[in-house]
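Asker: Got a predicted structure here, sequence first:
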Amino acid sequence: MNRIKRLSKYIDCLNNEEMPKEHISGGYDKEMEQLMYTVRTIKSLRDPVMPDEGYEKNLANFVKENTNSNTYRNQKKMTDLESYVKKRLITAAITVAFVIMALATVYLLNGRLGSDNIVKAMEQAYNKVKAYHGIIETAEINGLGEIVYVSRQEVWADTEGKYFVKQLDEGTEGVITINNGFNRWQIRPDIKKVYMFAAEPDPYRFTFDLREEISDITKAQSVKKIGQEILLNRETDIYEITPDGGLPYKIWVDTNTDLPIKKETAIYNALLTKTYYTELEFTDEIPAELLIYNKPEGFEVVEINPEQLVATLQEAKEIAGFMPEIPNNIGDYVLSRIAVLTNSGAIKLTFSHIDKEKEITFIQEKAKDKFKAASDAVIGLVNNNIAEILNNYQGIPGLRSIRWQQADMEYTVYGKDMDVLSEFAKAVFGGEIYLPEKDKTELKPQIEVPYDIETEKNEQKSVDAGHSPWRLDPVFVAQVFVNLLISPEGIEGEYEIPYENIELIKNDGVNAVVKINHEKSIAEYVYLKRLVRQDDTGIWTVIGYDPVVKND
Amino acid sequence: MIYKGINDNADVRILIFEISSEVFYEVLPKSYKNYKLWEENEWMRKMTQTPDQKSKNDYIESFCKENWEELYRFIYYRVQNREEAEDITQEAFEKTIYQNLNSNVSVLNHKNYLKTIALNIIRDRFRKIKARAMTIDIEEVKGKEPADDDFADLVVERYRVEEALSKLTIDQRKVLEYRILKGYSIKETAQKMNKKENAVKVLQFRAVKAMYKLMSEM
């Protein structure tokens, strides 16, 4: 939630004479505290709202009851936080009960939702979840039916992306990974270290994250009901999911909650993986004490990409040595956070939508090297400068970015909506943006390279299962190809033509062209295409090349 | 004159306080565990052997009746919401009465004692939050609160807020008046100011920021 919205909710809470959650669970920074203090101070000009009639009598009765009870001391051990969490858990329980009743009503009126509707039902059920707590077990089973690996983890997660994940299995027992919305850290008892990361972007995903699972299912090619089973005393329907690429897998959906509780992959390379929630409960929020940063005694703190929050652009300038650019005309977005990345000296500005849960991050730094786009990037233009366009910024699916250099500076904007990012990049200097569209350009290599589509489909499945990840990198695929051209008998040892000598000059996400800058190369340009799947998970295949023209 | 008592909310501290309500902490001696055991036993003994339950109940009733309103106002001023003020008032009474019934020392100024306990509860909450949030600095904010029970300071604080309000732009002052002083919703405020709801939220955010800056400079 952005600050503007959060402050407004805080004021609403005080106006309603309710205790704001910030008073008991924290989770805010210094600026937010200052703003809340200011609100309270202004409100103190108003007369206090007195309790309802009868409070005095109830107060006396309560005190009498507690001081007369022999268990008073133990009862009072409950902290304010526990009391708050308890209240909220009760609310959550009521909410879950309500959700179950509502679903039961739908069930009775309309009959059980069919498998066609299950995806929608899962989405709706998840939308009503605020947070959940579960124990996840994962088992790897070989072709003989023997369990070769088991892991257990305790998970707390909420729909805002906060989580607490604790490993429970022997090898990694005690490893805790936490994201509280402000910071992200991992506690490693085995080496007595705490790794600190910026809260976002966050590439970490725990196994069987309900949000990710349901999101994957919504994108699947087909969802088919194949059976029913009582699993851990719960009635479940079993569905076969055929993803858009990759092998089909099964999920077990709790018929009471319409949420998946078990997943089983297909057998691949003689291994099958089962993942399931042995326990799963829904709550209003993750208990605040789990999201508190506490460095265990004797542990060393290792900061990865540390951020220093600053109050003004001027402060950022004093640390980074330059004044950041602020885009004009960015609609409903307002600057909500300013930070300096202390390792790189970059300034990181976060812009929040005034109403929706959307953010755009704008990183600015002095250019250190000549601009080189990532090999898996689509190439575009920002203000006539070559721009790297990614759909999986820092490896996070769905997080998009545009990066370019201009006048000794390097700029990166990232967020979820490419159209907004494009407008944002445009607003910085007012120049034009060119984002290539898929399949618009005909590729005509001088020499075509034949391929077998069935082989490519199998290769895609292999890559989906985690093998040969280099097939997702057009430069790497081209490198293998050009080296095989000069060594058709096979590559031994180091590649003759190194990766650095291959330049990505065009990539629209479906078609790519690379230029080979090496004297021994037979090909000057190599043409590649995503034949099986046209997104970030699709493999690249060489479809042709232009030979080097000899000027003898 | 110094009175000694036990702050049963703090785990490893003895509270020593003076009539002036000035509070400071000391770490308990090594005999803390033995002391706690004694405390538990003593409490159990007194609670189970109280000769006259009726007079104890009468005492609790009259103590609450006499003091609740002043204490509630004192707490409300700091937390600015009824739910929390009621909770803390209740907790402060429990602790104080428990202390009165179970301590070997008598407390002469009950009003100050209640307020000290209440202030400790509030500060204890803030300390816990501070431990949770890495960047927060509650102590800094706390320092700007008016001194306990000091009417003159309250008047000065009020003047400071009003003075800062008067220096805001007309729109900023209006939005704070509607939203915080009159308690209107965003929708109602938007209607009164003839603005969109989102614009009111942004205006309100900027106005509070400006207020903090102005108040800090005074």
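Answerer: Happy to help now that I have it. Residues are numbered from 1 along each chain as shown, chains lettered A, B, ... in the order given.
Asker: mind listing what the residue of the stretch 351-500 of chain A found nearest chain B touches?
Answerer: Scanning the stretch 351-500 of chain A for the residue nearest chain B gives A:I354, at 4.7 Å (criterion: CB to the nearest CB). Placement of C-beta: from N, CA and C, glycine included. If you count contacts by CB atoms under 8 Å, 6 or more residues apart in numbering or on different chains, A:I354 has them with A:N2, A:I4, A:K5, A:D332, A:Y333, A:V334, B:N198, B:K201, B:V202.
Asker: so what's the backbone phi/psi at A:A373?
Answerer: The phi/psi pair for A:A373 (degrees, to the nearest 10) reads phi -70, psi 150.
Asker: mind checking pLDDT for it?
Answerer: As predicted, A:A373 sits at a pLDDT of 84.
Asker: thinking again about what came up before, I'd like the contacts of A:I354 laid out as a markdown table, including pLDDT.
Answerer: Converted to a markdown table, the contacts of A:I354 look like this (pLDDT from 0 to 100):
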| residue | pLDDT |
| --- | --- |
| A:N2 | 75 |
| A:I4 | 88 |
| A:K5 | 88 |
| A:D332 | 79 |
| A:Y333 | 82 |
| A:V334 | 81 |
| B:N198 | 87 |
| B:K201 | 91 |
| B:V202 | 90 |
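Asker: Out of those residues, who's the most crowded?
Answerer: Within the contacts of A:I354, neighbour counts (other CB atoms under 10 Å in any protein chain shown) peak at B:K201, which reaches 26 neighbours.
Asker: can you tell me how far that residue sits from B:V175?
Answerer: As judged by CB to CB, to the nearest Å, B:K201 and B:V175 stand 9 Å apart.
Asker: what's the answer for B:Y184, then?
Answerer: Using CB to CB, one gets 10 Å for the distance from B:Y184 to B:V175.
Asker: Same drill for those two, tell me which one is more crowded.
Answerer: Just comparing B:Y184 and B:V175: by other CB under 10 Å the higher neighbour count belongs to B:V175, 29 against 19.
Asker: which residues in the stretch 1-150 of chain A form helices?
Answerer: A:3-15, A:22-25, A:30-43, A:55-68, A:72-75, A:80-110, A:115-128 (DSSP state H, counting those that start in this stretch).
Asker: Would you single out the least confident of these?
Answerer: In terms of mean pLDDT, the lowest-scoring of the helices of the stretch 1-150 of chain A is helix A:72-75 (a mean of 41).
Asker: Just list what the strand or helix carrying A:T275 packs against, helices and strands only.
Answerer: Using DSSP states H and E, A:T275 sits in strand A:271-283. Other helices and strands packing on strand A:271-283, by 3 or more CB pairs under 8 Å, 6 or more residues apart in numbering or on different chains; DSSP states H and E, are helix A:80-110, strand A:131-142, strand A:259-264.
Asker: State the pLDDT value of residue 192.
Answerer: Chain wasn't specified; assuming chain A. 86.
Asker: Please refer instead to chain B.
Answerer: Looking at B:K192, its pLDDT is 89.
Asker: where exactly do the strands run in chain B?
Answerer: B:2-4, B:13-18, B:23-27 (DSSP state E).
Asker: try the stretch 201-350 of chain A
Answerer: In the stretch 201-350 of chain A, the segments counted as strands under DSSP state E, counting those that start in this stretch are A:222-231, A:234-242, A:249-254, A:259-264, A:271-283, A:300-303, A:307-310, A:333-341, A:346-353.
Asker: just flag whichever of the ones you listed has the lowest average confidence.
Answerer: Averaging pLDDT over each of these puts strand A:307-310 lowest, since it has a mean of 76.
Asker: Okay, now the sheet partners of that one, with direction.
Answerer: strand A:333-341 (antiparallel) (DSSP bridges).
Asker: Contacts for the partner strand next, please.
Answerer: Against strand A:333-341 from outside (CB under 8 Å, 6+ apart): A:2-4, A:198, A:305-313, A:315-316, A:319-320, A:326, A:346-354, A:359-360, A:363, A:365, A:424, B:202.
Asker: If any of those are buried, give me the PyMOL selection for them.
Answerer: The following PyMOL line selects those of the contacts of strand A:333-341 that are buried, judged by 16 or more other CB atoms under 10 Å in any protein chain shown:
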select buried, (chain A and resi 2+3+4+198+306+307+309+310+316+320+346+347+348+349+350+351+352+353+354+359+360+363+365+424) or (chain B and resi 202)
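Asker: In the stretch 101-250 of chain A, what residue lies closest to chain B?
Answerer: Closest residue of the stretch 101-250 of chain A to chain B, CB to the nearest CB: A:N183 (6.4 Å).
Asker: That residue and A:V194 touch, don't they?
Answerer: No: counting by CB atoms under 8 Å, A:N183 does not reach A:V194; the two are 10.8 Å apart.
Asker: Could I get the contacts of A:I354 in a markdown table, plus columns for distance to A:K263?
Answerer: Converted to a markdown table, the contacts of A:I354 look like this (distance: CB to CB, whole Å):
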| residue | distance to A:K263 |
| --- | --- |
| A:N2 | 34 |
| A:I4 | 39 |
| A:K5 | 35 |
| A:D332 | 38 |
| A:Y333 | 37 |
| A:V334 | 40 |
| B:N198 | 41 |
| B:K201 | 41 |
| B:V202 | 43 |
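Asker: The helix or strand where A:W156 lies pairs with which strands, parallel or anti?
Answerer: Assigned by DSSP H and E, A:W156 belongs to strand A:147-158. If you go by DSSP bridges, strand A:147-158 pairs up with strand A:131-142 (antiparallel), strand A:163-167 (antiparallel).
Asker: most neighbours per residue, which of these?
Answerer: Most buried of the strands paired with strand A:147-158, by mean neighbour count (mean count of other CB atoms under 10 Å in any protein chain shown): strand A:163-167, with a mean of 21.
Asker: helices or strands up against the helix or strand that that one is followed by?
Answerer: Sequence-wise, the next helix or strand downstream of strand A:163-167 (DSSP H and E) is strand A:176-179. Judged by 3+ CB pairs under 8 Å, 6+ apart, strand A:176-179 is in contact with strand A:163-167, strand A:183-188.
Asker: Chain neighbours aside, what residue packs nearest to A:E315?
Answerer: The shortest distance from A:E315 to any non-neighbouring residue, by CB to CB, 6 or more residues apart in numbering or on different chains, is to A:I338 (7.5 Å).
Asker: ok, now A:I497?
Answerer: Closest residue in space to A:I497, ignoring its immediate chain neighbours: A:H518 at 4.5 Å, by CB to CB, 6+ apart.
Asker: tell me the SS of that neighbour?
Answerer: Secondary structure, DSSP: H, G, I helix; E, B strand; the rest coil: A:H518 is coil.
Asker: my guess is it meets A:N501, correct?
Answerer: Yes: with contacts counted by CB under 8 Å, A:H518 reaches A:N501, the gap being 4.5 Å.
Asker: returning to what we had before: in the strand holding A:W156, what counts as buried?
Answerer: Buried residues in strand A:147-158, counted by 16+ other CB under 10 Å: A:S151, A:R152, A:Q153, A:E154, A:V155, A:W156, A:A157, A:D158.
Asker: With pLDDT and distance to A:K120 as extra columns, can I get those in a markdown table?
Answerer: Shown next, in a markdown table, are the buried residues of strand A:147-158 (pLDDT from 0 to 100; distance: CB to CB, whole Å):
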| residue | pLDDT | distance to A:K120 |
| --- | --- | --- |
| A:S151 | 76 | 32 |
| A:R152 | 84 | 32 |
| A:Q153 | 87 | 29 |
| A:E154 | 91 | 30 |
| A:V155 | 92 | 25 |
| A:W156 | 93 | 27 |
| A:A157 | 92 | 22 |
| A:D158 | 90 | 22 |
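Asker: could I get these as TSV with distance to A:Y28?
Answerer: Below are the buried residues of strand A:147-158 laid out as TSV (distance: CB to CB, whole Å):
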residue	distance to A:Y28
A:S151	34
A:R152	33
A:Q153	28
A:E154	26
A:V155	24
A:W156	19
A:A157	20
A:D158	16
